[in-house]
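Asker: would you be able to build a 3D model of this:
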Amino acid sequence: MSRWFVHALAGLILTFACGEPLAEAEEPSGEPTREQCEVAVQEARAEAAKLPADDPSRYFAERDLHQALIEAGNGEFDDCMEATARATVELRERRHTLAPGERLHVLRPDE
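Answerer: Modelled structure (predicted):
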């Protein structure tokens, strides 16, 4: 898959999730930039903040956003956009749900 396609796909996903297009996502002029990645992460975080703190979809989306920032820190902005797109899809589709009374058990690093 070409990097342009991934960038365009991430822009489309964010457009549908946020309701407004990103100007940078409309231009298939090249590689994503740090600024584009940071904007995409901020927008996805704002969407995640609308869910309850204990929502499992929010939890998994926040993990993807954390990975996106790691990729951006490594200069891998295309990977950052991919991770942000995964988080956006998770938030939009709410793939993870819990039954009433059930809770997500997250292990600590020492467990």
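
Asker: hey, where'd the helices end up in this structure?
Answerer: With DSSP state H applied, the chain shows helices at 3-18, 23-26, 34-48, 56-73, 77-93, listed in chain order.

Asker: the third one - contacts with which helices or strands?
Answerer: If I follow you right, that is helix 34-48. helix 3-18, helix 23-26, helix 56-73, helix 77-93 (3 or more Cβ pairs under 8 Å, 6 or more residues apart in numbering; DSSP states H and E). Backbone N, C-alpha and C define where each C-beta goes, glycine included.

Asker: how about a cut-off of 6 Å?
Answerer: helix 56-73, helix 77-93 (3 or more Cβ pairs under 6 Å, 6 or more residues apart in numbering; DSSP states H and E).

Asker: quick check: end-to-end length of stretch 69-80?
Answerer: 7 Å (Cα to Cα, to the nearest Å).

Asker: which among the helices and strands packed on helix 34-48 is found nearest to Pro109?
Answerer: With distances scored as Cβ to Cβ, the stretch of the helices and strands packed on helix 34-48 nearest to Pro109 is helix 56-73 (14.2 Å).

Asker: what's the angle between the closest one and helix 77-93?
Answerer: 170 degrees (axes from the mean of the first three to the mean of the last three Cα atoms, to 10 degrees).

Asker: would you mark the buried spots in helix 56-73?
Answerer: Residues of helix 56-73 classed as buried under the neighbour-count rule (16 or more other Cβ atoms under 10 Å) are 56-62, 64-65, 67-68, 71-72.

Asker: count residues in the vicinity of Glu93, would you?
Answerer: Counted with other Cβ atoms under 10 Å, residues neighbouring Glu93 total 9.
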